[in-house]
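In: Requesting a structural model of the entry that follows:
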Amino acid sequence: MAAGKTLFAVPKAPGKGGRKARYQKKGRQVDPLAAREITALLGDRSRQPDLLLEHLHLVQDTYGYLSADHLTALAEEMRLALAEVYEVATFYHNFTVVKEGDAIPSALTIIVCDCLSCELAVSMAMKRALAEKYGSNIRVTHGACMGRCEVAPVVRVKDRYVGNATADEVDKLIEAEKRNDPPFVPSYTAFTDYNEVGGFSTLAQLRVGDLKAGEIIEMLSDSGHRGLGGAGFPHALKLNSVLSVPGPRYMAVNADESEPGTFKDRHFMNKNPYQFLEGVLIAAEIVDAKKIYIFLRDEYPETAQILTGCIKKLKAEKLDGGREIILRRGAGAYICGEESAMLESIEGKRALPRHKPPFPAHVGLFGQPTLINNVETLYWLPDIIRKGPGWFKEGGRHGSKGFRSFSLSGHVKKPGVYITPAGITAKELIEEYGGGMQDGHEFRAYLPGGASGGLLPASMADIPLDFGTLEKHGCFIGSAAVIVISDKDDLKMVARNLMRFFEDESCGQCTPCRAGTEKALLLMEEDHWDSDLLTELSAVMRDASICGLGQAAPNGLMSILKHFPEAVK
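Out: Numbering: from 1, shown residues only. Got it, this is the predicted structure:
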């Protein structure tokens with residue numbers, strides 16, 4: 001055998017270019033310019049995964065959209081899979097993703113609210129008129145409820161909003177954006193003014209031991225205080241459930257009120273933010289929360305500015321107790337009203353509801369026990385403790401005790417947020433607080449709990465509006481968003497608007513909700529509605545959907561089929 005020869009050939013290692021192929025890393029390559037831009041933009045900010053939504057907001061705020069190159073560079077910078085970054089960016093409505101080859105969107109976009117309160121105020125006619133006026137220069141599109149239903153119709157341009165919108169007002173909004181005028185921030189109760197009326201005194205008593213956590217929980221139980229985000233879970237039970245599991249614990253505040261017709265939380269945060277924040281800190285003290293996360297909807301930029309300043313003030317005054325209060329910005333997803341979906345979003349993921357059990361009180365944010373409350377629930381906490389459970393139970397009508405906050409919109413003369421006796425009826429609410437029906441309109445129907453709470457005819461407007469009073473009629477009070485329908489409204493339009501909203505907001509995780517809302521809407525686009533088929537489809541959605549979105553999506557439809565069958569034939 002010749003020298004240098006071996007009996008067996010030595011195989012080449014794979015990937016060594018045996019076929020003279022040019023070596024290249026797998027997957028999409030990072031553009032060097034985009035990488036430098038992302039690195040500079042993030043600066044010394046943390047790259048931890050739960051900040052993904054915050055960083056996506058930062059990129060879009062800077063460049064106006066999310067390009068494929070920037071998403072790739074962000075994934076590399078945060079050490080995340082590009083698929084994960086892309087799926088999060090495309091999940092939320094308020095992110096604009098531009099793929100390779102796609103046209104770059106115009107610098108300005110006019111968003112016209114298409115929720116029920118705004119459509120009752122002919123917002124879709126305005127959208128068509130604006131599209132004709134601005135043509136291709138400015139993009140005109142629709143958007144879900146913007147939490148300003150008391151001034152419907154509402155139009156948004158970036159972080160600027162105009163209520164009772166007209167073409168002239170939209171022109172002024174665009175000019176203000178071009179001039180970069182400071183956005184409007186409403187006046188609110190100042191720190192010194194809140195302190196002068198006993199603000200933070202309850203928190204101080206709790207911290208020095210003059211007031212015990214157990215005493216507060218007993219007060220809440222005695223007062224009958226319940227969660228006011230929609231489900232109405234007893235507050236004392238929730239606190240005890242969180243305390244039953246060893247720490248470390250977290251606290252998450254759901255300020256993402258996206259239920260169409262609901263704007264009371266925005267009202268409380270904008271008017272008296274320090275009372276809300278004292279309630280947050282009291283609850284955090286009770287459960288010994290390690291950190292506090294406030295998840296605020298993206299449509300409330302003025303509220304974000306207010307809370308940011310107030311949180312800084314609390315830290316300067318050493319009232320935060322050394323706890324970090326983290327304000328997280330939503331990105332446009334109604335599903336975040338579901339508590340576990342909100343937790344997923346805070347963790348930087350798609351807002352997909354989790355299967356339960358385990359419940360978030362035991363296994364919540366980052367896998368730890370988590371106290372979750374809505375804004376109004378916490379807002380009343382300092383008052384209940386200072387004034388006593390009896391104060392909270394004072395008043396009430398028709399067998400109910402205490403008071404309720406309502407977001408009132410639709411065809412009434414004075415829409416707005418009203419604090420009324422609990423158990424008030426829709427008729428009383430409209431006449432005593434809403435100023436009666438608008439001129440030329442007759443009361444025909446109302447939604448007692450926003451888009452998901454069902455619909456009742458005017459002939460049933462004498463039912464007390466409270467927890468447990470509406471369920472036997474196929475409705476519920478939920479977030480107490482009352483939308484008033486008149487004889488001038490097309491009930492088919494109302495039903496389609498509600499179902500279109502749920503179709504648009506379905507997270508897509510479960511088939512009954514994802515496919516059910518789509519199929520229901522297709523059937524509802526027909527001139528003649530197949531009531532039997534729609535009823536069967538609704539039953540599947542209610543029985544088999546993972547979370548409350550799919551379960552409540554048919555409520556408006558089924559209410560109209562029940563109470564107004566002649567309107568859908």
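
In: Could you give the separation of whichever strand or helix holds residue 277 from the chain centroid?
Out: For residue 277, the host element (DSSP states H and E) is helix 273-287. On the basis of Cα atoms, centre = their mean, to the nearest Å, helix 273-287 sits 20 Å off its chain's mean C-alpha point.

In: and what of stretch 248-257?
Out: The answer for stretch 248-257 is 13 Å, by Cα atoms, centre = their mean.

In: Would you mind writing the CA trace of the helix holding residue 277 as PDB?
Out: Listed next in PDB are the C-alpha coordinates belonging to helix 273-287 (Å, rounded to 0.1, in the frame of the first residue of the first chain):
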ATOM      1  CA  PRO A 273     -54.600  59.900  41.400                       C
ATOM      2  CA  TYR A 274     -53.200  60.000  45.000                       C
ATOM      3  CA  GLN A 275     -56.300  58.400  46.500                       C
ATOM      4  CA  PHE A 276     -55.900  55.600  43.900                       C
ATOM      5  CA  LEU A 277     -52.200  55.200  44.700                       C
ATOM      6  CA  GLU A 278     -52.800  55.200  48.500                       C
ATOM      7  CA  GLY A 279     -55.200  52.400  47.900                       C
ATOM      8  CA  VAL A 280     -52.600  50.600  45.900                       C
ATOM      9  CA  LEU A 281     -50.000  51.000  48.600                       C
ATOM     10  CA  ILE A 282     -52.400  49.800  51.400                       C
ATOM     11  CA  ALA A 283     -53.200  46.700  49.400                       C
ATOM     12  CA  ALA A 284     -49.600  46.000  48.700                       C
ATOM     13  CA  GLU A 285     -48.800  46.500  52.400                       C
ATOM     14  CA  ILE A 286     -51.500  44.000  53.400                       C
ATOM     15  CA  VAL A 287     -50.100  41.200  51.300                       C
END
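
In: If we go by neighbour counts, what in it is buried?
Out: Across helix 273-287, burial judged by 16 or more other Cβ atoms under 10 Å covers 273-287. For glycine as for every other residue, the C-beta is placed from the backbone atoms N, C-alpha and C.

In: and after it, which helix or strand comes next?
Out: Past helix 273-287, the next helix or strand by DSSP H and E is strand 289-296.

In: contacts for that next one?
Out: Applying Cβ atoms under 8 Å, 6 or more residues apart in numbering, the set of residues contacting strand 289-296 from outside is 247-256, 280-281, 283-284, 303-304, 307, 323-330, 336, 342, 345-346, 365, 368, 371.

In: and those residues, which of them are in helices?
Out: Secondary structure from DSSP state H places 280-281, 283-284, 303-304, 307, 342, 345-346 of these in helices.

In: Just confirm residue 485 is within a strand.
Out: Yes. Assigned with DSSP: H, G, I helix; E, B strand; the rest coil, residue 485 falls within a strand.

In: Hmm, it is touching residue 261, no?
Out: No. Here residue 485 lies out of contact with residue 261, judged by Cβ atoms under 8 Å, at a distance of 11.5 Å.

In: Which one of the two is surrounded by more residues?
Out: residue 261 (32 against 23; other Cβ atoms under 10 Å).

In: What's the separation between that one and residue 143?
Out: 15 Å (Cβ to Cβ, to the nearest Å).

In: quick revisit: closest one of the ones in helices among the contacts of strand 289-296 to residue 25?
Out: Residue 25 has its nearest neighbour among these in residue 345, at 31.4 Å by Cβ to Cβ.

In: how about low-confidence regions in this protein?
Out: For the chain, the stretches with pLDDT under 70 are 1-24.

In: Tell me how it divides into domains.
Out: 32-98, 109-179, 191-387, 403-486, 491-568 (automatic domain parsing).

In: Redo those domains as TSV? Include distance to residue 396.
Out: TSV is the format used below for the domains of the chain (distance: least, Cβ to Cβ, whole Å):
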stretch	distance to residue 396
domain 32-98	39
domain 109-179	25
domain 191-387	10
domain 403-486	5
domain 491-568	26
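
In: These: which one's closest to residue 393?
Out: Ranking those by distance to residue 393, with Cβ to Cβ as the measure, places domain 191-387 first at 6.1 Å.
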